[in-house]
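Peer 1: Need a 3D model of the following:
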Amino acid sequence: MENPNFNSDSNRELETMFDINGNPVAVKTINYEIEKENEKNIDAEIEHEDLFSEENAFGLMIIKTRTSLYEFLTKPIIKYIIYGTILILYPVYFGFSIKLQKPFAIPRDLNSSTIIDDYIFSNNPGLALFILSIVVCLFFGWEILKKKFSHQIDFKSKLNLSPRIEKISPWIVIGLVTLLSISYLIYDLKDYRNLISLLGLSVFIMICIFISEHPSRINIRALIVGILIQYILGVFILRLEFGYRMFQFLGSQVSTFLDYTDNGSRLVFGEHFADHFFAFKAMPVVIFFSAIVNILYYFGAIQFILLKIAWMMNFFMGTSPTESVNSVANVFLGPSEAPLLIKPFLSKMTESELFAVMCAAFSTVSGSVLAAYIGFGVAPDHLITAGLMSAPASLAIAKTLFPETKKTHADWEAIRNVKTKKLNNVFEAISTGAIEMIKPIGAILANLIAFVSIFSFLDAVCMWFFGMLNLENFGLASILQYLFWPFAFLMGAESEDCKSIAKLVGFKVFVNEFVAFTKLGAVVNLRNEIIANGTEILYRNGTLPIPTGMPMIWNDRSIVIATYALCGFANFGTIGIEIATLSVFAPTRTKTFLKYAAKAMLAGNFSSFMNACIAGLLFKKIN
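Peer 2: Modelled structure (predicted):
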């Protein structure tokens with residue numbers, strides 16, 4: 001049907017308006033013919049005539065000099081000159097520093113019991129410089145030797161192992177380490193609570209095997225090695241005084257480092273910013289740490305460390321390169337950023353690999369969020385340990401609940417060549433890292449307000465409902481206490497603390513881990529305060545009242561177990577975040593994410609519970 005207002009000759013349509021009497025009046029024409037020239041130049045810059053037609057000789061000389069200087073500085077020899085200068089100057093600096101600091105001059109008044117505290121990890125910057133220098137030199141030396149000689153040496157052909165020996169050799173190593181671990185347990189464990197933690201570990205593993213997707217295809221190697229790595233880390237930190245002091249020292253240094261956030265917070269929010277602790281004290285730490293991570297990412301430090309640890313996980317546990325990289329990446333980057341390192345492979349990964357990716361997201365906490373927990377008052381040494389233990393734990397649980405039945409498509413070479421986000425300079429890295437945290441912080445604050453408010457409402461409803469049965473103050477928090485009490489008991493918590501830990505675990509699962517750690521931090525701070533002022537016995541016998549709603553924990557062992565049990569993103573709120581994030585990266589696998597997300601969240605909780613069992617199994621108070 002023809003448009004009566006369309007004029008075919010001029011390719012124009014008459015726009016009709018009406019006068020005050022209602023009569024139509026043609027006032028304008030609209031041209032439907034879009035000129036191709038305008039279409040092409042729509043984003044082009046407008047050209048202007050040069051203001052000066054002649055260039056002066058001095059300016060040309062500057063341009064020529066600048067160009068020559070740039071060409072000279074970009075020559076390969078300049079790079080070697082810079083490296084050579086560093087290699088000459090640093091040993092000179094190192095030698096003078098060691099001579100002045102005297103890191104190996106042990107004071108005579110120190111004995112074997114105080115040398116660790118008062119010498120190795122206290123007031124000895126020279127020793128720290130020496131150790132850091134050795135570690136960096138070893139890393140660089142290894143990389144140089146590997147690049148130069150790895151293609152010339154074929155270790156397999158040199159060893160000439162038969163296929164059978166090659167297959168069973170990892171199991172021989174695993175068997176020996178397992179035997180040594182069991183022997184150490186038999187020799188060293190004396191507290192019955194440690195044995196309850198061992199029982200709990202066995203129960204959680206059996207539950208995972210029972211609900212496994214393919215019980216007959218479980219990767220026993222991944223399960224055993226994952227537990228052994230957790231166990232070895234636990235022995236080093238919780239049983240050996242040197243390891244305990246070392247991580248305690250690292251934790252204190254991390255806390256000191258994160259305290260520099262206060263300078264920025266004070267500038268923005270004023271001197272009394274700490275009065276609004278969560279919003280103005282804890283959250284800025286996340287921004288600061290995210291910027292630091294981005295700087296390390298820009299210089300390649302994160303990728304270097306991440307790939308090295310992931311390679312070891314792959315070698316010892318037999319997991320695929322993609323899931324190994326992702327599990328380690330979650331410790332540093334977080335559940336939304338870690339999958340970026342394996343984004344090109346997500347659409348082609350097997351269901352078991354995708355399940356492991358989701359499980360790692362629920363089992364771990366990122367470094368930036370870990371910084372916030374430290375700000376709450378939770379022990380940084382145990383938080384750092386829990387973060388490290390979560391990587392092997394998540395893979396062990398994932399490969400038990402969802403064993404691999406297909407062949408993976410990814411290899412190490414492909415992962416090393418994956419293109420990551422491009423940052424032009426260190427200032428962009430800082431700015432990007434800080435700005436990227438604005439949305440997550442908004443999400444954290446919004447979720448906290450929403451979930452805590454809803455939980456309080458439901459708690460009041462439950463109290464009203466059960467109040468009809470004369471059950472006073474029996475609300476949702478009380479239900480969570482009884483629901484998770486068996487889990488707290490199996491993790492090895494002291495009997496008097498089981499209800500409080502069960503409540504915290506309930507908060508973590510049904511609200512989120514931020515609420516749980518906020519409450520745990522308040523408990524730790526109150527406990528330290530009443531021990532310091534000598535009023536603990538008065539609180540224990542009820543002479544002094546404990547603040548309403550505070551899940552008080554009285555024993556060191558229980559606080560340590562709670563720290564490990566809460567360390568993970570496994571809650572119902574994170575399910576939606578994880579599905580949304582992974583669906584953006586791999587839209588064709590959305591059905592898989594939806595199908596297994598809830599089970600992955602369950603796996604994440606079991607992973608944290610296993611870490612808590614290992615902590616309870618090996619706990620020994622070191623004064």
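
Peer 1: Past the helix or strand containing Trp311, which element shows up next along the chain?
Peer 2: Secondary-structure element containing Trp311, defined by DSSP states H and E: helix 301-317. Using DSSP H and E, the helix or strand that follows helix 301-317 towards the C-terminus is helix 321-332.

Peer 1: and that following helix, what other elements does it pack with?
Peer 2: Packing partners of helix 321-332 (3 or more C-beta pairs under 8 Å, 6 or more residues apart in numbering; DSSP states H and E): helix 301-317, helix 351-363, helix 380-401, helix 412-416. (Glycine included, C-beta is placed from N, CA and C.)

Peer 1: Could you work out which of those reaches nearest to Gly234?
Peer 2: Across the helices and strands packed on helix 321-332, the minimum distance to Gly234, taken as C-beta to C-beta, is reached by helix 380-401, at 7.3 Å.

Peer 1: Give me the phi and psi for the spatially most central residue of the chain.
Peer 2: Central residue of the chain (C-alpha atoms, centre = their mean): Ser366, 1.9 Å from the mean position. Here is the backbone geometry of Ser366 (degrees, to the nearest 10): phi -70, psi 160.

Peer 1: so how far is Asn294 from it?
Peer 2: Going from Ser366 to Asn294 by C-beta to C-beta, to the nearest Å gives 13 Å.

Peer 1: ok, which stretches of the stretch 201-350 of the chain are helices?
Peer 2: For the stretch 201-350 of the chain, the helices defined by DSSP state H, counting those that start in this stretch cover 220-234, 241-258, 261-269, 283-298, 301-317, 321-332, 343-346.

Peer 1: can you give me the strands for the chain?
Peer 2: Here the chain has its strands, by DSSP state E, at 6-7, 12-18, 24-31.

Peer 1: Which pLDDT value belongs to Leu354?
Peer 2: Per-residue pLDDT puts Leu354 at 91.

Peer 1: Just give the nearest non-adjacent residue to it, would you?
Peer 2: Distances taken as C-beta to C-beta, 6 or more residues apart in numbering put Thr592 closest to Leu354, at 5.5 Å, once the chain neighbours are dropped.

Peer 1: what's the neighbour count on that neighbour?
Peer 2: The number of residues packed near Thr592 is 18, by other C-beta atoms under 10 Å.

Peer 1: Show me the shaky parts of the protein.
Peer 2: 1-55, 107-123, 149-167, 169-170, 190, 334, 368, 410-421, 621-623 (pLDDT under 70).

Peer 1: one more time with 50
Peer 2: Residue ranges of the chain with pLDDT under 50: 1-15, 17-20, 25, 27-37, 39-44, 155.

Peer 1: ok so, going back, kindly reformat the helices of the stretch 201-350 of the chain as CSV and extend each row with distance to Lys406 and mean neighbour count.
Peer 2: Converted to CSV, the helices of the stretch 201-350 of the chain look like this (distance: least, C-beta to C-beta, whole Å; neighbours: other C-beta atoms under 10 Å):
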stretch, distance to Lys406, mean neighbour count
helix 220-234, 15, 21
helix 241-258, 39, 16
helix 261-269, 45, 14
helix 283-298, 32, 22
helix 301-317, 17, 18
helix 321-332, 13, 29
helix 343-346, 14, 19
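
Peer 1: can you put the ones you listed in CSV and add distance to Phe487?
Peer 2: Formatted as CSV, the helices of the stretch 201-350 of the chain follow (distance: least, C-beta to C-beta, whole Å):
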stretch, distance to Phe487
helix 220-234, 18
helix 241-258, 26
helix 261-269, 34
helix 283-298, 29
helix 301-317, 26
helix 321-332, 23
helix 343-346, 32
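
Peer 1: Select, out of those, the one closest to Phe474.
Peer 2: For the helices of the stretch 201-350 of the chain, the distance to Phe474 is smallest for helix 283-298, at 34.3 Å, taking C-beta to C-beta.

Peer 1: tell me what the closest one is packed against?
Peer 2: Counting contacts by 3+ C-beta pairs under 8 Å, 6+ apart, helix 283-298 is packed against helix 241-258, helix 261-269, helix 301-317, helix 367-376, helix 426-436, helix 438-467.

Peer 1: Let's see that with 6 Å instead.
Peer 2: When contacts are defined as 3 or more C-beta pairs under 6 Å, 6 or more residues apart in numbering; DSSP states H and E, helix 283-298 packs onto helix 261-269, helix 367-376, helix 426-436.

Peer 1: Buried deepest among those helices, which one?
Peer 2: With neighbours defined as mean count of other C-beta atoms under 10 Å, the helices and strands packed on helix 283-298 peak in mean count at helix 367-376, which reaches a mean of 24.

Peer 1: what's the angle from it to helix 241-258?
Peer 2: Put simply, helix 367-376 runs at 90 degrees to helix 241-258, going by axes from the mean of the first three to the mean of the last three C-alpha atoms, to 10 degrees.

Peer 1: how long is stretch 295-306 end to end?
Peer 2: Using C-alpha to C-alpha, to the nearest Å, the end-to-end distance of stretch 295-306 comes out at 15 Å.

Peer 1: chain center to it: distance?
Peer 2: 14 Å (C-alpha atoms, centre = their mean, to the nearest Å).

Peer 1: residues in contact with stretch 599-619?
Peer 2: With C-beta atoms under 6 Å, 6 or more residues apart in numbering as the test, stretch 599-619 has contacts from 194, 197-198, 200-201, 204, 208, 230-231, 234-235, 238-239, 355, 358-359, 362-363, 386, 389, 393-394, 397, 401, 491-492, 557, 560-561, 564-565, 567-568, 570, 575.

Peer 1: ok, how many other residues are close to Ala128?
Peer 2: Residues lying near Ala128 (other C-beta under 10 Å) number 15.

Peer 1: picking up where we left off before, I'd like to know which of the helices of the stretch 201-350 of the chain is closest to Gly542.
Peer 2: Closest among those, using C-beta to C-beta: helix 241-258, at 33.4 Å.

Peer 1: relative to helix 220-234, how tilted is that closest one?
Peer 2: 80 degrees.

Peer 1: Just want the angle from helix 241-258 to helix 283-298.
Peer 2: Orientation of helix 241-258 against helix 283-298 (the same axes, to 10 degrees) gives an angle of 100 degrees.
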